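Novice: Got a predicted structure plus its sequence, pasted below:
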Amino acid sequence: MSFSLLPERKFRSVVDITPEVLRDLGVELLILDVDNTIAPYKTLTLEEPVTAWARGMKAAGIGLFIVSNNKGQRPEVFAKLLDVPYIKRAGKPSPRGVREALARTGTPPERAALAGDQIYTDTVAANLAGVRMLLVEPIKFTNIFLAVRYFFELPFRREKPQKRSASI
Ligand SMILES: [Mg+2]
């Protein structure tokens, strides 16, 4: 797989990622970033649309796995709320946490995708691990640094050119 900072697909919110989208991509395991992907920074609760979305994914046979750089209690709290496995202190952009999620679920990289909001951590980690990147818009800019970083990510916040197959 060639290295690119462009995501495979992008979405306004994680809840806009549907089982149908994942099925079309051949994805069985969706690896989830935490901060600003499934919840804004610092909160210890998940909004109902997110928990409902996660239930729908699991009902559709899509595995979920939290891989977060967060060092606090949030990854574990959210993993319990969603009843999914988790890795914290993942050290993205290192692919270590993503690879561990693949290994623990026995999923080949081409059957997995990472949903996250940041280019220089999430997209890079996904690429290095050989999984597809599904970029979401950050839920909330809680400080100026997040807004500044977002500005520098703009060139990479567009989808890869899609290779459409000629068949039907
Ligand atoms: Mg994030």
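Specialist: Looks like it arrived, so ask away. Numbers count the residues shown, from 1 in each chain.

Novice: Can you name the residues that contact I66?
Specialist: I66 is in contact with I31, L32, V34, I38, P75, F78, A79, L82, V84, P85, Y86, I87, counting by C-beta atoms under 8 Å, 6 or more residues apart in numbering. Heads up, the C-betas are built off the backbone N, CA and C, glycines and all.

Novice: for those residues, which one is nearest R104?
Specialist: P85 (6.5 Å; C-beta to C-beta).

Novice: How about that closest one, nearest residue that isn't a chain neighbour?
Specialist: F65 (5.3 Å; C-beta to C-beta, 6 or more residues apart in numbering).

Novice: pLDDT score for the one you found?
Specialist: Here the pLDDT value assigned to F65 is 98.

Novice: Renumber starting at 19 from here on
Specialist: With 19 as the first residue, the last one maps to F83.

Novice: picking that back up, drop anything exposed from the contacts of I84.
Specialist: I49, L50, V52, I56, P93, F96, A97, L100, V102, Y104, I105 (16 or more other C-beta atoms under 10 Å).

Novice: one step back: isn't the residue nearest to P103 up against L100?
Specialist: No - between F83 and L100 there is no contact under C-beta atoms under 8 Å: 10.0 Å.

Novice: Contact residues of the chain facing the ion?
Specialist: Residues of the chain lying close to the ion (C-beta under 5 Å from the ion) are D51, D53, N54, T55, D135.

Novice: Quick check: the gap between E177 and the ion.
Specialist: 19 Å (C-beta to the ion, to the nearest Å).

Novice: before we move on, which element is that residue in?
Specialist: Using DSSP states H and E, E177 sits within no helix or strand.

Novice: quick one on the thing from earlier: include pLDDT and secondary structure when you put the contacts of I84 into CSV, please.
Specialist: Converted to CSV, the contacts of I84 look like this (pLDDT from 0 to 100; DSSP: H, G, I helix; E, B strand; the rest coil):
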residue, pLDDT, secondary structure
I49, 98, strand
L50, 98, strand
V52, 97, coil
I56, 97, coil
P93, 97, helix
F96, 98, helix
A97, 98, helix
L100, 97, helix
V102, 98, coil
P103, 98, coil
Y104, 98, strand
I105, 98, strand
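
Novice: Kindly tell me how buried G148 is, as a neighbour count.
Specialist: Applying other C-beta atoms under 10 Å, we find 15 residues neighbouring G148.

Novice: cool, R30 as well?
Specialist: Count around R30 with other C-beta under 10 Å applied: 8.

Novice: confidence score at it?
Specialist: 97.

Novice: For it, which residues are in contact?
Specialist: Contacts for R30 (C-beta under 8 Å, 6+ apart) come out as V154, E155.

Novice: Perfect, that will be all.
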